[in-house]
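Engineer: need coordinates for the below:
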Amino acid sequence: MAHQQLLPLPIQRPCLLPCNTINSLQRASAAHKPILIHCLCSGSGGDTRNAPAKIRSGEIPPNALRRKVDPLWRGGFSLGVDLGMSRTGLALGKGFSPRPLSVLEFRGNKLELRLLEIAEREEVDEFIIGLPKSHDGRETPQSNKVRSVAGRFAVRAAERGWRVYLQDEHGTSMEALDSMIDLGVKKSARQGRVDAFAAMMVLKRYFSMSGYGAELVLPKQLDLQLKLLRGPAKDKDFFPENVEA
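Structural biologist: Sure, this is the predicted structure:
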């Protein structure tokens with residue numbers, strides 16, 4: 001009989017979510033696609049010596065799903081990202097009310113560093129990156145480019161315990177334009193803001209679906225996967241019970 005692959009060293013880590021929240025997540029996912037969430041706290045004190053070496057994405061649910069099953073959950077915020085060839089639109093989601101944030105004219109390393117700076121300032125712990133698809137749901141050459149950028153950036157984000165998700169963005173550019181017209185944004189101002197509004201539409205879709213359909217970009221490095229399971233350091237202002245006396 002094949003033996004289960006074990007981690008070479010015992011690593012102590014807290015369970016990502018309380019057991020009652022895990023049960024709620026599993027029930028909520030029953031009507032959608034299955035979400036694999038494993039509680040490692042019962043009976044083992046958080047010891048992962050008997051845990052599979054490969055982390056499954058379902059063990060790290062997005063913020064939108066956590067908020068749905070636990071209204072009292074206190075966690076970080078979401079940054080919507082609409083990647084473009086020359087400009088990148090950003091939107092901020094605090095709770096379920098995303099708003100356009102800014103448009104960046106950076107690419108490559110400079111863009112990634114700027115995203116990390118903004119996330120730190122806005123207390124973001126997950127990035128929702130729009131994934132371009134065709135009208136019939138198929139991926140395009142542009143999809144491959146976005147996946148490449150998201151894969152590189154996910155490594156940097158994971159070093160801080162932050163997650164990167166991909167969300168289908170088909171149609172969000174048109175939705176962004178309609179939203180700007182409804183809000184009375186002048187035609188002369190739309191061009192410079194449409195990318196940020198498109199990022200807002202990506203976040204709205206993500207929240208409206210409670211995170212279902214959002215694809216976690218999981219780094220290959222096991223140590224980074226474990227950092228994602230632990231999550232970022234908790235803010236002392238929001239979690240005073242964790243501050244040592």
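
Engineer: tell me, how many residues neighbour residue 192?
Structural biologist: For residue 192, the tally of surrounding residues (other C-beta atoms under 10 Å) stands at 10. Backbone N, C-alpha and C define where each C-beta goes, glycine included.

Engineer: go on, residue 109?
Structural biologist: Neighbour count for residue 109, taken as other C-beta under 10 Å: 10.

Engineer: can you give me the strands in the chain?
Structural biologist: Counting by DSSP state E, one finds strands in the chain at the ranges 77-82, 88-93, 99-104, 124-131, 163-168, 215-216.

Engineer: out of the ones you listed, deepest packed?
Structural biologist: Ranked by mean neighbour count under mean count of other C-beta atoms under 10 Å, these are led by strand 77-82, which reaches a mean of 28.

Engineer: mean pLDDT and distance to residue 205 for the strands of the chain - can I get that in CSV?
Structural biologist: Shown next, in CSV, are the strands of the chain (pLDDT from 0 to 100; distance: least, C-beta to C-beta, whole Å):
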stretch, mean pLDDT, distance to residue 205
strand 77-82, 96, 9
strand 88-93, 95, 11
strand 99-104, 93, 15
strand 124-131, 96, 9
strand 163-168, 95, 6
strand 215-216, 94, 13
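
Engineer: show me what stretch 147-154 is in contact with.
Structural biologist: If you take C-beta atoms under 8 Å, 6 or more residues apart in numbering as the criterion, stretch 147-154 is touched by 83, 112, 115, 127, 129, 131, 163-164, 166, 217-219.

Engineer: using PDB, write down the CA coordinates of that stretch.
Structural biologist: Presented in PDB, the C-alpha positions along stretch 147-154 are these (Å, rounded to 0.1, in the frame of the first residue of the first chain):
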ATOM      1  CA  ARG A 147      -1.700  34.200 -15.800                       C
ATOM      2  CA  SER A 148       2.000  34.700 -16.200                       C
ATOM      3  CA  VAL A 149       1.900  38.100 -14.400                       C
ATOM      4  CA  ALA A 150      -0.300  36.800 -11.700                       C
ATOM      5  CA  GLY A 151       1.900  33.700 -11.200                       C
ATOM      6  CA  ARG A 152       5.000  35.900 -10.600                       C
ATOM      7  CA  PHE A 153       3.200  38.300  -8.400                       C
ATOM      8  CA  ALA A 154       1.600  35.600  -6.300                       C
END
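
Engineer: that stretch: how far from the chain's middle?
Structural biologist: Taking C-alpha atoms, centre = their mean, to the nearest Å, one finds the center of stretch 147-154 at 13 Å from the center of the full chain.

Engineer: buried residues, it. List them.
Structural biologist: Using 16 or more other C-beta atoms under 10 Å as the test for burial, stretch 147-154 gives 147, 149-150, 153-154.

Engineer: out of those, list just those in helices.
Structural biologist: Residues of those located in helices (DSSP state H): 147, 149-150, 153-154.

Engineer: distance to residue 198 added to the strands of the chain, as a markdown table?
Structural biologist: Listed next are the strands of the chain as a markdown table, based on distance: least, C-beta to C-beta, whole Å:
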| stretch | distance to residue 198 |
| --- | --- |
| strand 77-82 | 4 |
| strand 88-93 | 5 |
| strand 99-104 | 9 |
| strand 124-131 | 7 |
| strand 163-168 | 12 |
| strand 215-216 | 19 |
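
Engineer: for residue 229, find the nearest of those strands.
Structural biologist: Smallest distance to residue 229 across the strands of the chain (C-beta to C-beta): 10.4 Å, for strand 163-168.

Engineer: name every strand pairing with the closest one and say which way it goes.
Structural biologist: Looking at strand 163-168 with DSSP bridges, its partner strands are strand 124-131 (parallel), strand 215-216 (antiparallel).

Engineer: hmm, residue 164 and residue 217 touching each other?
Structural biologist: Yes. Here residue 217 reaches residue 164: they are 4.4 Å apart, a contact under C-beta atoms under 8 Å.
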